[in-house]
Each structure stands twice: as C-alpha cells, then as structure tokens.
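Participant: would you be able to build a 3D model of this:
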Amino acid sequence: MRKKLFTLSLFALIFNQVSAQEKNISFEETEGYSTGYLVGQNTWESYGYITEGYANVSNNKYSDGNLSAQLIADPANEGNWGGIVYKLPEAKKFIISADVNMEELYGSDHDLLSIYDNTNGEYEYISGFYFDFLGDIIIGDETTSQSSGNWEPNTWYNLKADYDFNTRKIDLYLNNNHIRTVAIPSQIQKVTEVDFEFDNYSGFNVDNIKIVNLDHLSNNEVSINTISIYPNPTSDWLKVNSITNIKSLEIIDFNGNSILRKENTTEMNVKELSNGIYFIKVHTDKDSNTYKFIKR
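Facilitator: Here you go, the predicted model:
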C-alpha cells in the first residue's frame with residue numbers, strides 16, 4: 001500500500017537524554033497514555049479508514065510494559081487502507097524500531113514501520129516491512145524488495161531501520177538480523193513520519209517503539225575527536241584508537257542500558273553479545289564520546 005495525500009498537523013518530538021537523544025513509546029500511563037482511542041494522544045494521528053474506536057491503547061497484548069497500540073479491523077471498511085501516524089525528527093542519522101504482532105493469517109496486508117517523506121506536500125514511501133495476508137514478509141523500498149521468510153499470527157516481531165543521510169543508505173533489520181541495505185532516493189532530503197498501516201481485514205498491535213537521533217553521536221568510523229573504532233561491523237573484538245589516553249570503554253545497548261565496562265583498555269570482546277546495534281562510549285582524559293557499532 002502506498003499512501004495518498006492527507007493533511008496532517010506538524011508536531012515536534014521531545015527526546016530524553018540518554019546515550020543518544022532517544023524517544024521511547026510503550027503506550028504506558030507513565031508516558032502520558034490512557035486506554036481508549038489513541039488518536040490525539042501524544043501527537044498520534046491517523047489517516048485513511050481509521051475511525052474512533054478502531055485504533056486504541058489497549059491491554060489485550062503487549063511486548064513491553066502493560067499496554068500497546070491496537071488497530072482493530074473495521075468490517076465496514078474491509079479492503080480500505082488506513083493507519084496510525086507519528087512525526088519523526090529532522091535528523092540526518094537516526095534509528096527507529098518497533099515491535100509488531102499480527103492477529104491472523106489470511107486477513108490483512110500490513111505495511112509496518114513505513115517511513116514517508118512529505119516535504120513537498122506529496123507522500124513518498126521510502127522503506128518499510130510488508131507482512132502480507134498469506135504470511136510472507138517482504139522488506140525494502142518503493143522499487144525493490146526482498147522476501148524474508150514467513151510470519152506467524154500472535155507472535156511479536158521486532159522491526160528496525162537505521163537511516164544515514166550522509167551515506168544515503170538504510171539498513172533494515174528483522175529481529176535484530178540485518179536483512180538488507182537500500183538506498184535513499186536522491187530527491188529525498190529528510191523523512192517526516194512513520195506509519196503503521198493495514199487494509200482492515202484483521203487487526204494488529206504495535207509496541208516498544210524507539211526513535212534514536214544519532215546526529216549528536218561522534219562519527220562511528222573516524223571521529224572528529226581523533227578517535228576511531230574498528231572493525232565495524234564486528235563479530236568478536238571491537239578496538240579503539242585514540243590520540244588521548246583511554247580511561248574506560250563502555251558498551252551500551254539499544255535500550256540505553258550499560259551492559260559492559262572495562263577500565264584502561266583499548267578493546268572489548270563483544271563475541272557474546274546478540275546481533276544488533278550497540279553504542280560504545282569512550283572515556284578519555286579529555287572527554288567522552290559515543291559511537292554506534294554493529295555486532296553481527
């Protein structure tokens with residue numbers, strides 16, 4: 001499904017300061033959500049064939065906390081596309097991920113973690129994860145896609161997209177496994193929103209959304225502060241070069257948790273880490289800088 005033009009209000013995201021600027025959305029009361037109609041809560045919008053009562057904050061299933069966003073199929077709109085919409089930051093480098101859970105096979109087609117640019121008043125689809133009604137998972141962009149196995153109903157899947165407008169590439173992950181890299185089209189200079197869409201035959205849930213702005217991280221290959229990390233991606237050892245004395249190295253996971261720290265070293269053994277995206281914080285005599293790396 002590719003979305004037609006709808007008028008939406010613009011809202012700003014406010015990020016919490018962790019290892020990078022990050023926004024976490026698990027639809028919990030502590031985040032300002034309440035059970036019931038999602039649209040209008042914390043800047044969430046809808047488009048297309050989504051009416052009140054069919055996109056809710058619900059406790060029927062969840063992957064994080066006790067609540068999630070639930071989209072319910074509307075029998076009056078079977079075959080008509082609609083979705084929920086969240087505005088994204090204007091960042092040159094960012095990562096966005098979400099957990100999704102589809103209700104049943106042979107129901108809806110789902111276009112999930114769908115990234116759009118609406119800069120010029122026309123929606124341009126950039127990338128997404130297509131879970132079709134037959135059970136196929138198709139990952140890619142507007143012109144190319146790749147089949148990536150099958151999905152099962154009532155099962156949580158983690159979707160992740162790593163955008164870099166400097167290299168003009170998007171790395172797409174399913175359950176922390178790197179599936180493919182796609183190019184950002186030359187006419188696209190930024191992204192404006194993420195959508196979770198379906199065609200109203202059967203429902204799905206969304207939870208545990210994370211949006212991490214990487215613009216404020218040091219470059220992950222050659223630092224402007226004369227620090228470099230290598231190899232990246234890595235499967236076992238991650239090494240750090242610095243012209244200033246390294247006091248400690250700290251590994252931080254995608255949730256912002258410090259999971260490993262060593263003093264007075266220039267390398268870290270990451271062999272036991274699960275595959276995925278991590279950050280390494282390099283503490284020197286002069287300052288501290290954070291870098292993204294990929295464990296494969």
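Participant: below-threshold pLDDT in the chain: ranges please.
Facilitator: Across the chain, the ranges flagged by pLDDT under 70 are 1-21, 218-225.
Participant: show the end-to-end separation of stretch 177-195, please.
Facilitator: End-to-end distance of stretch 177-195: 22 Å, with Cα to Cα, to the nearest Å as the criterion.
Participant: and that stretch, how far from the chain's centre?
Facilitator: In terms of Cα atoms, centre = their mean, to the nearest Å, the centre of stretch 177-195 is set 11 Å apart from its chain centre.
Participant: report the buried residues of that stretch.
Facilitator: 178, 179, 180, 182, 184, 188, 191, 192, 193, 194, 195 (16 or more other Cβ atoms under 10 Å). Placement of C-beta: from N, CA and C, glycine included.
Participant: farthest pair in those residues?
Facilitator: Using Cβ to Cβ, the buried residues of stretch 177-195 span at most 25.2 Å, a distance reached by 178 and 192.
Participant: how much space between the residue lying closest to residue 152 once chain neighbours are set aside and residue 110?
Facilitator: Spatially, and ignoring its direct neighbours in sequence, residue 152 is nearest to residue 135 (7.6 Å; Cβ to Cβ, 6 or more residues apart in numbering). Separation of residue 135 from residue 110 (Cβ to Cβ, to the nearest Å): 11 Å.
Participant: ok, those two, which is more surrounded?
Facilitator: Neighbours were counted for residue 135 and for residue 110 using other Cβ atoms under 10 Å; residue 110 has more, 28 against 14.
Participant: residue 201 is in contact with that one, correct?
Facilitator: No. When contacts are counted by Cβ atoms under 8 Å, residue 110 is not listed as touching residue 201 (9.9 Å).
Participant: quick one on the thing from earlier: phi, psi of the residue nearest to residue 152?
Facilitator: Residue 135 adopts backbone torsions of phi 110, psi 10, taken as degrees, to the nearest 10.
Participant: which ones among the buried residues of stretch 177-195 map onto strands?
Facilitator: The strands, defined by DSSP state E, take in 178, 179, 180, 182, 193, 194, 195 from those.
Participant: tell me who's in contact with the first one.
Facilitator: If I follow you right, that is residue 178. 171, 172, 275, 294, 296 (Cβ atoms under 8 Å, 6 or more residues apart in numbering).
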